[in-house]
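Enquirer: compute the structure for the input listed below.
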Amino acid sequence: MKNLDFLIIGAQKCATTTLFEHLRAHPDIVMPLEKEVPFFTGGDRSDEAWADFTQSHFGREDGRLWGKATPQYMCELATADRIHERMPDVKLVAILRDPVDRTWSHYQMGRRRETEPRDFDTAVKELLREEQLSASRAQPAPRHEQGFEPESDFYIAWSEYGRILGHYARLFGPEQLLILYTEDLEADPAGTLDRLLVFLGLAPGFRPDTLGKVIHKGGGSNRVPHSVRVRLRQNGMLYRLWQLLPESRRGRLRFLYEQWNVRKQATPPEAIPATARQALEQHYACDLRALFRLPIELPPWAERYRSA
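Expert: Sure thing, here's the model as predicted:
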């Protein structure tokens, strides 16, 4: 039974969609039509379930690499244990951005989806309470099987790269983990893609049509309000018609719809409130010590947190 050759494990809101689209176009790689098809976040993980999963999303073995991108794999520590149990030799790719920027982007997505009523200062203050942090770290990632579920507990916990990747590093060898940075992908997309290809054992130089493009960038609002989507989902006839489509096709259509539904930012992006930024930088400075101890290339924002 074939295992996957690589996983893009996260982080959410850090350009995992861009990496997914680049690699999905490579002739020597097979990836699911839909980006986020989780297997290790819960549910049945038996051999039979795995065989059904790979058959559904990858088909027959033909010598190409198998991989997938699921940013929820950088959410719950137990996910790393589950991956290691089934695929101890898999290669792992993480792409990170400044954790304060990731937190802010995650919060803005909640506002856009109409699942976040708080202002940012209030949300940060509540989420930094020790009891709330502990609860957020222990919660499994929402599966969004019936539409968007709130992710308002996770803005900070899912930005704790040191805690999360430190756990992966204890399970997998350093040669199995590649950490990239969103800022590098934006500044040097070809060079960053070549690093990834070489890590996967492929020749550098592949240049997909998507190279240099931002595939999924958060915007100011959704074209279709979340409340309208809820009403459409509750329409029994529409739901039954949707269910007639093969699961893989539904996933791809859902993915393309999400790309279209986000309006591009028409005005300059809102600045992160200064009080919240300071509190977050102090919090992440402690967490990132674990990341900076790993044998990795340091991120372009490392110095800001080393001096915090």
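
Enquirer: and the helices in the protein?
Expert: Counting by DSSP state H, the chain has helices at residues 16-24, 47-57, 77-86, 99-112, 120-127, 130-138, 161-171, 182-187, 189-199, 226-233, 236-243, 247-261, 274-292, 302-306.

Enquirer: so which elements touch the first one?
Expert: Read it as helix 16-24. With contacts taken as 3 or more Cβ pairs under 8 Å, 6 or more residues apart in numbering; DSSP states H and E, helix 16-24 sits against strand 6-10, strand 65-69, strand 91-96, helix 189-199. C-beta: built from backbone N, CA, C; applies to glycine.

Enquirer: export the third one as CSV, just CAs?
Expert: I take that to be strand 91-96. The C-alpha trace of strand 91-96 is given here as CSV (Å, rounded to 0.1, in the frame of the first residue of the first chain):
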residue,chain,number,x,y,z
LYS,A,91,8.8,14.5,3.6
LEU,A,92,7.2,17.5,5.2
VAL,A,93,7.0,21.1,3.9
ALA,A,94,6.0,24.1,6.0
ILE,A,95,5.7,27.6,4.8
LEU,A,96,5.6,30.4,7.4
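
Enquirer: what residues does that strand touch?
Expert: Outside strand 91-96, the residues within contact range by Cβ atoms under 8 Å, 6 or more residues apart in numbering are 5-11, 14-16, 19, 74, 102, 161, 165, 168, 172, 176-182, 185, 196, 199-200, 299.

Enquirer: report pLDDT for the spatially closest residue to residue 295 that is not a sequence neighbour.
Expert: Spatially, and ignoring its direct neighbours in sequence, residue 295 is nearest to residue 174 (5.1 Å; Cβ to Cβ, 6 or more residues apart in numbering). You'll see residue 174 listed with a pLDDT of 96.

Enquirer: burial count for residue 174?
Expert: Neighbours of residue 174 under the rule other Cβ atoms under 10 Å: 10.

Enquirer: is it true that it touches residue 293?
Expert: No: with contact defined as Cβ atoms under 8 Å, residue 174 does not count as touching residue 293 (11.7 Å).
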